[in-house]
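Coordinates for the following, if possible.
(one chain, ligands or ions: 1)
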Amino acid sequence: LFSPVEMAPRDPILGLNEAFNADPRAEKVNLGVGVYYDENGKVPLLRAVQAAEEARVAEHAPRTYLPMEGLAPYDQAVQKLLLGADSPLLSSGRLVTAQSIGGTGALKLGADFLYRLAGKRLVAISDPSWENHRSLFETAGYEVVTYPYYDPATHGLNLQGMLQGIEALPEGSVVVLHACCHNPTGVDLSIEQWKQVIEVVRKRNHVPFLDIAYQGFGDNLEDDAAAVRLFAEADLSFVISSSFSKSFSLYGERVGALTLVTGTAEEGERVLSQLKRVIRTNYSNPPTHGAKVVAAVLNNPELYAMWEQELAEMRIRIKQMRKALANRLRAAGVEQDVSFIEKQRGMFSYSGLSREQVDRLAQEFAIYAVGSGRICVAALNNRNIDTVADAIARVMLE
Ligand code: LMR
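Numbering: from 1, shown residues only. Alright, predicted model coming up:
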């Protein structure tokens, strides 16, 4: 039965964890996966999360099944966080949210839904995009194409290319857009640029699929949701995949959500009925713990304020590390302009390192980065930054 099964390639991101774990060198640094580590190199357990967990344990609650679409207070809190507390959509009946198995689970649910129930077959992702976008949509049956996004010459956005690329797609294509903290480039759109994208999307009748996994890591929770809110104001139907893995430091709990912004309350009811079938035939219903914790924090003003503060601390520390890395590269003799490291947003820097340079970093210095040159700045700290900056400078200069 299994003899014809061929060896699969390592996952370009999660596969790095395997290589990193197997590396015996004590000084090794993992700049691969998008995980926030604190100043001590540890994945933090947020104080707000701990408080919510303690209260939950004290409840000794039974573990029954959740509804197929997940915990209602969680789904409602997700909608509020994405669309804003004063959004008229919140009470319109037009929003359909399902708790999902992380952001990846939300993407897969959305992909399956649009394939099965809206007949979608073509999806466009940014060039470059999160490595798993392509594989995920291909596995869901789609043809995956790209639209221009990143301009290596400026380390910025290729806006004209992006607009033209999206315009040239067949009418009604699914277009995946990173709502903030673009993965892997850290290059985001301004409000004005989003408005231009929205006009093209509207004109071509495309289906916007907004992926937001890093809300709070750019400027703050509200401003990072600006793209979502602009699409809502434009009165389009669209799809949002969101995740609390990073913002709550709850990676292993797999807490995400799929939100569908439908045209009417009646449409919303039909859409939810079908989404429940997609969920039921995949995994039946989602797990309880992570969603309970997140809902407890989001729905309690004191815990919310505590969380917002902790999220700000993570964001500020990443920004400090960006600055420190750029400064140390300059000090180590790198003459090319590295100011882009400070401008990029979110957890990553799209460093411009080539595949060969990335391989050298792993082999010679035990520093692991994604093959595309993406490095996770959130894994840097005052203890490893000198070693990392020196090694990067070495592979850039030699
Ligand atoms: C990443 O891009 O590193 C994260 O989103 C983790 C993942 O699942 O790839």
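
what sits against the residue in the stretch 251-398 of the chain positioned nearest to the ligand?
With Cβ to the nearest ligand atom as the measure, C376 is the residue of the stretch 251-398 of the chain nearest to the ligand, at 7.0 Å. Where C-beta positions appear, they are placed from N, C-alpha and C, glycine not excepted. By Cβ atoms under 8 Å, 6 or more residues apart in numbering, C376 lies in contact with 30-35, 347-348, 369.

Mind doing that once more with 10 Å?
13, 16, 29-37, 184, 318, 321, 346-349, 368-370 (Cβ atoms under 10 Å, 6 or more residues apart in numbering).

Okay, and which of these map to helices?
16, 318, 321 (DSSP state H).

ok, the last one - contacts?
In this structure, M321 makes contact with 39, 341, 349, 376-382, 384-385, 388, judged by Cβ under 10 Å, 6+ apart.

In JSON lines: those, plus pLDDT, distance to T281 and secondary structure.
Formatted as JSON lines, the contacts of M321 follow (pLDDT from 0 to 100; distance: Cβ to Cβ, whole Å; DSSP: H, G, I helix; E, B strand; the rest coil):
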{"residue": "E39", "pLDDT": "96", "distance to T281": "45", "secondary structure": "coil"}
{"residue": "I341", "pLDDT": "96", "distance to T281": "45", "secondary structure": "helix"}
{"residue": "S349", "pLDDT": "94", "distance to T281": "40", "secondary structure": "strand"}
{"residue": "C376", "pLDDT": "96", "distance to T281": "35", "secondary structure": "strand"}
{"residue": "V377", "pLDDT": "97", "distance to T281": "40", "secondary structure": "helix"}
{"residue": "A378", "pLDDT": "97", "distance to T281": "36", "secondary structure": "helix"}
{"residue": "A379", "pLDDT": "97", "distance to T281": "38", "secondary structure": "helix"}
{"residue": "L380", "pLDDT": "97", "distance to T281": "43", "secondary structure": "coil"}
{"residue": "N381", "pLDDT": "97", "distance to T281": "44", "secondary structure": "coil"}
{"residue": "N382", "pLDDT": "96", "distance to T281": "49", "secondary structure": "coil"}
{"residue": "N384", "pLDDT": "96", "distance to T281": "45", "secondary structure": "coil"}
{"residue": "I385", "pLDDT": "96", "distance to T281": "48", "secondary structure": "helix"}
{"residue": "V388", "pLDDT": "96", "distance to T281": "45", "secondary structure": "helix"}
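
Any quick PyMOL command for the buried ones out of the residues you listed?
A single PyMOL command selects the buried members of those (16 or more other Cβ atoms under 10 Å):
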select buried, resi 341+349+376+377+378+379+380+381+384+385+388
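
Rebuild the contacts of M321 as JSON lines, extending it with distance to D224.
JSON lines is the format used below for these (distance: Cβ to Cβ, whole Å):
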{"residue": "E39", "distance to D224": "23"}
{"residue": "I341", "distance to D224": "20"}
{"residue": "S349", "distance to D224": "18"}
{"residue": "C376", "distance to D224": "18"}
{"residue": "V377", "distance to D224": "17"}
{"residue": "A378", "distance to D224": "16"}
{"residue": "A379", "distance to D224": "21"}
{"residue": "L380", "distance to D224": "21"}
{"residue": "N381", "distance to D224": "24"}
{"residue": "N382", "distance to D224": "26"}
{"residue": "N384", "distance to D224": "27"}
{"residue": "I385", "distance to D224": "26"}
{"residue": "V388", "distance to D224": "27"}
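
which residues in the stretch 1-150 of the chain form strands?
Secondary structure of the stretch 1-150 of the chain by DSSP state E, counting those that start in this stretch: the strands cover 29-30, 95-101, 122-127, 143-148, 150-151.
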